[in-house]
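# sequence isn't available, so here's the structure alone:
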Ligand code: NAD
């Protein structure tokens with residue numbers, strides 16, 4: 001159990017400038033240029049990170065390729081690789097508080113959530129895939145006598161992983177864990193606004209024994225570093241979590257270069273559907289408030305559309321608003337905070353713009369809607385609820401990625417399904433009902449990768465996570481994620 005005093009002791013700790021990690025060495029960018037890291041807690045410069053160049057990204061690819069080709073990782077006995085990754089997970093856990101506080105100062109997530117979802121979940125993920133390493137079997141095909149058909153599972157090669165700012169360690173581990181467990185080399189590109197804790201976590205990976213060149217990190221501008229990786233002829237797999245706009249560019253770059261595999265985890269506009277027969281409407285309201293407002297709504301699966309049965313609409317919205325009002329917004333390094341900072345100034349402005357647009361289109365501002373705690377210099381926003389949002393309104397269709405909830409009433413199950421499926425996204429959804437038959441009908445009817453029933457959020461590494469429609473393709477987490485990083489090779493042998 002972490003005490004507030006332990007967090008406070010690290011609150012103002014000096015932060016060293018971040019370098020690149022290429023071929024096992026920490027180094028500056030080829031140009032020597034750096035980017036300022038602005039803390040969303042107070043708008044002040046926290047430190048700098050290396051502004052990686054095209055040359056740096058290319059050097060990282062060359063080092064990853066050399067490491068893959070000479071087999072320094074993939075040809076180690078599975079038990080040896082497992083030992084290294086288990087040690088890495090132990091080191092992440094041993095440094096969990098330091099990693100969490102550093103990450104919060106960089107990205108603004110409330111520390112209570114960061115402690116659990118960042119180092120805690122990253123360590124669990126690395127450990128899960130470490131344990132899988134010596135349990136990946138090939139196959140013997142049921143061929144006719146006289147022939148032997150073997151199916152080998154082989155690492156694909158060089159993996160480039162580009163990740164966003166909302167949960168850098170957790171999402172980073174979702175990519176690095178299975179990619180490294182399968183025997184590949186990795187180049188990680190963190191977000192410009194959440195690189196620090198990932199750099200530290202990857203340095204721990206090298207300390208645990210991941211060989212030089214097998215795990216590289218190149219920080220910097222996405223349009224430079226990320227684009228170079230995407231266009232590289234020597235990257236075999238591109239895995240990405242982030243916005244749809246960037247995802248499209250990666251698909252294009254893949255098609256224009258070597259047609260590398262490209263797996264995308266994109267945004268969402270997830271519908272949280274509350275029926276009047278929910279087992280406990282008060283609990284549904286409290287959980288639904290957390291489902292949109294934790295981490296200031298900067299959660300890809302956030303239940304950002306509340307669809308609520310008309311007969312309980314007013315009472316439910318009132319209960320949800322009361323639960324939201326009880327959530328403390330503010331200092332992300334306080335254990336009492338339930339909704340921390342918005343990651344950056346541009347995102348805060350965009351959130352506020354969404355609120356204006358929603359009202360201009362006929363939505364009713366029920367609660368919140370404004371920037372708060374501006375005197376801190378940081379980026380904070382009130383949990384915001386907009387009612388009377390229609391199916392085609394901007395707020396029903398576009399992802400905010402902030403603490404803004406769109407509320408729409410429905411009359412019956414058929415209308416709920418129609419509304420829920422009426423966006424380009426298909427990441428997650430929620431259903432609140434006491435009717436078992438309806439729960440199963442809704443699970444089938446919602447066109448999403450994840451459906452929560454009588455809860456919202458929280459699944460662990462054992463289940464796949466991914467979207468359908470324009471929320472992406474492929475899955476992070478679970479043993480299924482390994483498929484992205486493995487090739488099947490058939491050996492056909494005449495006996
Ligand atoms: P973003 O697309 O702006 O950036 C994500 C990453 O892509 C960053 O590392 C960035 O540097 C890099 N990048 C930017 N431009 C690039 C380019 N031209 N080529 C290559 N790389 C480039 O997204 P963001 O603002 O960091 O994150 C928010 C988005 O991520 C939201 O849409 C959110 O829903 C989504 N997200 C999805 C999931 C999921 O699992 N589906 C999880 C978390 C976040």
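That came through fine. This structure is a prediction, so every number in the text was calculated from the model and none was measured.
# would you agree residue 295 is in contact with residue 337?
No: Residue 295 is beyond contact range of residue 337, at 10.8 Å (criterion: C-beta atoms under 8 Å). Every residue, glycine included, has its C-beta placed from N, CA and C.
# shared neighbours, the two?
residue 110 (C-beta atoms under 8 Å, 6 or more residues apart in numbering).
# tell me which of those two has more neighbours.
Between residue 295 and residue 337, residue 295 has the larger neighbour count (other C-beta atoms under 10 Å), namely 25 against 20.
# okay, that one and the ligand: tell me how far apart.
10 Å (C-beta to the nearest ligand atom, to the nearest Å).
# residue 77 too?
As judged by C-beta to the nearest ligand atom, residue 77 and the ligand stand 33 Å apart.
# neighbours around that residue, how many?
The burial count for residue 77: 10, using other C-beta under 10 Å.
# distance of it relative to residue 274?
52 Å (C-beta to C-beta, to the nearest Å).
# same check, this time on residue 89
From residue 89 to residue 274 the distance is 38 Å (C-beta to C-beta).
# same question for residue 215.
44 Å.
# residues from the chain in reach of the ligand?
162-166, 171, 189, 191-192, 222-223, 226-227, 230, 241-243, 246, 249, 265-268, 300, 399, 401, 427, 467, 472 (C-beta under 6 Å from any ligand atom).
# buried subset of the residues you listed as a PyMOL selection?
Burial among the residues of the chain next to the ligand is assessed by 16 or more other C-beta atoms under 10 Å; the matching PyMOL selection reads:
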select buried, resi 162+163+164+165+166+171+189+191+192+222+226+227+230+241+242+243+246+249+265+266+267+268+300+399+401+427+467+472
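# assumed residue 429 was part of a helix.
No: assessed with DSSP: H, G, I helix; E, B strand; the rest coil, residue 429 is strand; it does not lie in a helix.
# so it sits against residue 420, correct?
Yes: checked against C-beta under 8 Å, the pair residue 429 and residue 420 is within contact range at 6.0 Å.
# those two: which has the busier surroundings?
Between residue 429 and residue 420, counted using other C-beta under 10 Å, residue 429 has the larger neighbour count: 30 against 27.
# residue contacts, that one?
Applying C-beta under 8 Å, 6+ apart to residue 429 gives the contacts 270-273, 303, 420, 446, 448, 450-452.
# the stretch 301-450 of the chain: helices as residue ranges?
For the stretch 301-450 of the chain, helices defined by DSSP state H, counting those that start in this stretch occupy the ranges 313-326, 345-360, 394-397, 413-420, 436-445.
# what helices and strands are in contact with the second one?
Using 3 or more C-beta pairs under 8 Å, 6 or more residues apart in numbering; DSSP states H and E as the contact test, the elements touching helix 345-360 are strand 364-367, strand 380-381, strand 384-387, helix 394-397, strand 404-410.
# cutoff 10 Å now
Counting contacts by 3 or more C-beta pairs under 10 Å, 6 or more residues apart in numbering; DSSP states H and E, helix 345-360 is packed against strand 364-367, strand 371-372, strand 380-381, strand 384-387, helix 394-397, strand 404-410.
# also compute the angle for the last one relative to helix 345-360, please.
Right, the one you point to is strand 404-410. Here strand 404-410 points in a direction 30 degrees away from that of helix 345-360 (axes from the mean of the first three to the mean of the last three C-alpha atoms, to 10 degrees).
# strand 404-410: partners in the sheet, and parallel or antiparallel?
Applying DSSP bridges, strand 404-410 is found paired with strand 305-309 (parallel), strand 384-387 (parallel).
# out of those, flag the one nearest residue 35.
Between residue 35 and the strands paired with strand 404-410, the shortest separation by C-beta to C-beta is 30.5 Å, and it involves strand 384-387.
# what lies in contact with the closest one?
289, 292-293, 297, 306, 308, 313-314, 317, 320-321, 324-325, 351-352, 354-355, 358-359, 361, 363-370, 393, 395-396, 400, 402-409 (C-beta atoms under 10 Å, 6 or more residues apart in numbering).
# and if we set it to 7 Å?
317, 321, 324, 355, 358, 363-369, 395, 403-407 (C-beta atoms under 7 Å, 6 or more residues apart in numbering).
# identify each buried residue in that strand, please.
Residues 384-387 are the ones in strand 384-387 that count as buried (16+ other C-beta under 10 Å).
# avg pLDDT for that strand?
Summarised as a single mean, pLDDT over strand 384-387 is 98.
# stretch 258-274 now?
So the average pLDDT for stretch 258-274 ends up being 98.
# of all the helices and strands packed on helix 345-360, which lies closest to residue 21?
Taking the helices and strands packed on helix 345-360 one by one with C-beta to C-beta, strand 380-381 is closest: 32.7 Å.
# and the closest one, which strands flank it?
Going by DSSP bridges, the partners of strand 380-381 are strand 371-372 (antiparallel).
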